[in-house]
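Asks: below is the structure, and that's it, no one-letter string:
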C-alpha cells in the first residue's frame, strides 16, 4: 500500500520491527518461511497483543477555554524516546461527560490521557471523535474502550472508518511499533463505530459540537470539531503549528479551499491543531506557508520550468524560508512535498 505516515522521514532512521518468533538453530530464511503460515502469523499477532509496552510519563493538561483541555505533544514525530507521543489529545468537559477529540497514538498514551482527565474531572468519557485515519490520532481508542466499554461511541467520517478498518489500521499499528522500538506494543486497532457527516451537531447539555468537512485537505476525510460555546475548533491535521504537514494523501488546492470554507462557516475561533499549540491566526499562518509551497510551483508550471526550478523558488519564498530553521520535519520532508505540489500544479493546469 502507499505509505502515508506523518513520520515518513523516520523509516530509514528507525530500526526494523522486532520479531517475536525465534527458531532455535533455525535460519532467517526458515523463519521467513514460517511467518507465511497463517497459524504462525496468528501466533505473532497474539504475542504482540500480550506483550505491552511501558507506561507513558504523564503530561499535564493545559486549559484552552472554559471547557476545552489540551494534552500537548511537544514532538512532531514518533521516536523510542517519546514513546510515540507525537500528536495532541484534546478533551471537552461537558455536563454529560467528557468528549475526546482524538484519542492519542497508542494504548499507553490513551491510558495516560485518562489519568490526566482524572486530574480535571471525575466525569466519565461519553464520546470520542477521530479526526482522520492517520494512526497517531486514533490508536488510543483502545485505552478508552478498555476503560469505558466497547459500546463507547467513537465517531468518524465514513471514509475514515473504512480506512481504519482496512489495511491502513494494521499498517499504522505496525509502523508505530517500529518507530518507537516497541513502546506501543499491546495496542489494538479499534475502529470507530459511529459514522458522522458534515454539519452534524451533537448536544452534550451545556455545550454543542458542530462538525465540519470541506473535502480533501490533509486527507480526503478530515473532520474538524467546533466547540460552539467556547469558540474553539479542533482542526486535527488540516493545519499545524510548527510542523510540516504530510501531504501524501492530501491536496494543496483542497487545503486552501478548506481554510476558506471553515473560516467562513465558523467565524472568529481559537484554532486548535493536532500538532502544535492553539492560535487565533493558525489558519492564516499555516495557509501562508502552504501557499508559499504551492504558488511558486504553479508559476513554474505555467512558465514551463522544471521541478528543480520550482524547488529553488519555493525555498526562496519568504513564507517558506522563514520557517526552514525551526519547523519540525522541514529538512527531511520539504523536497518531497514540493514535488507533490508541483505534480498537483501540473494536474490543475490540464
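Replies: Everything's here; your move. From a predicted model like this one, the values you see are computed outputs, not experimental measurements.
Asks: where exactly do the helices run in this protein?
Replies: Taking DSSP state H, the helices of the chain run over residues 28-35, 38-50, 107-117, 141-148, 158-165, 167-179, 252-266, 282-303, 307-316, 318-321, 330-349.
Asks: now those as a markdown table including distance to residue 189?
Replies: In this view, the C-beta of every residue, glycine as well, is placed from N, C-alpha and C. Supplementary listing: the helices of the chain in a markdown table, determined by distance: least, C-beta to C-beta, whole Å:
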| stretch | distance to residue 189 |
| --- | --- |
| helix 28-35 | 20 |
| helix 38-50 | 11 |
| helix 107-117 | 11 |
| helix 141-148 | 8 |
| helix 158-165 | 7 |
| helix 167-179 | 4 |
| helix 252-266 | 27 |
| helix 282-303 | 30 |
| helix 307-316 | 37 |
| helix 318-321 | 36 |
| helix 330-349 | 26 |
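Asks: mind listing what the nearest residue to residue 213 once chain neighbours are set aside touches?
Replies: Excluding the flanking residues, the one nearest residue 213 by C-beta to C-beta, 6 or more residues apart in numbering is residue 198, at 4.1 Å. When contacts are counted by C-beta atoms under 8 Å, 6 or more residues apart in numbering, residue 198 touches 211, 212, 213, 214.
Asks: which pLDDT value goes with residue 198?
Replies: Note on residue 198: pLDDT of 98.
Asks: can you check residue 347 too?
Replies: 95.
Asks: okay, it and residue 257: tell me how far apart.
Replies: For residue 347, the distance to residue 257 (C-beta to C-beta, to the nearest Å) stands at 15 Å.
Asks: quick one, which of these two is more surrounded?
Replies: residue 257 (15 against 11; other C-beta atoms under 10 Å).
Asks: doesn't residue 250 make contact with the more buried one?
Replies: No: counting by C-beta atoms under 8 Å, residue 257 stays clear of residue 250, with 11.8 Å between them.
Asks: what's the overlap in contacts for the two?
Replies: With C-beta under 8 Å, 6+ apart, residue 257 and residue 250 have no common neighbours.
Asks: how close does the spatially closest residue to residue 236 that is not a sequence neighbour get to residue 163?
Replies: Spatial nearest neighbour of residue 236, excluding adjacent residues (C-beta to C-beta, 6+ apart): residue 131 at 3.0 Å. Separation of residue 131 from residue 163 (C-beta to C-beta) stands at 12 Å.
Asks: the more surrounded of these two?
Replies: Shown here are residue 131 and residue 163; by other C-beta under 10 Å, residue 131 has more neighbours (27 against 24).
Asks: the closest residue to residue 342 other than its chain neighbours - how many residues pack around it?
Replies: Using C-beta to C-beta, 6+ apart and skipping the chain neighbours, the partner closest in space to residue 342 is residue 297 (4.4 Å). Neighbours of residue 297 under the rule other C-beta under 10 Å: 27.
Asks: residues contacting residue 297?
Replies: 310, 313, 314, 338, 341, 342, 344, 345.
Asks: hang on, the second one packs against residue 301?
Replies: In this case it means residue 313. No: contact between residue 313 and residue 301 fails when scored by C-beta under 8 Å: they sit 11.2 Å apart.
Asks: for residue 146, give me its contacts.
Replies: Counted by C-beta under 8 Å, 6+ apart, residue 146 has contacts residue 107.
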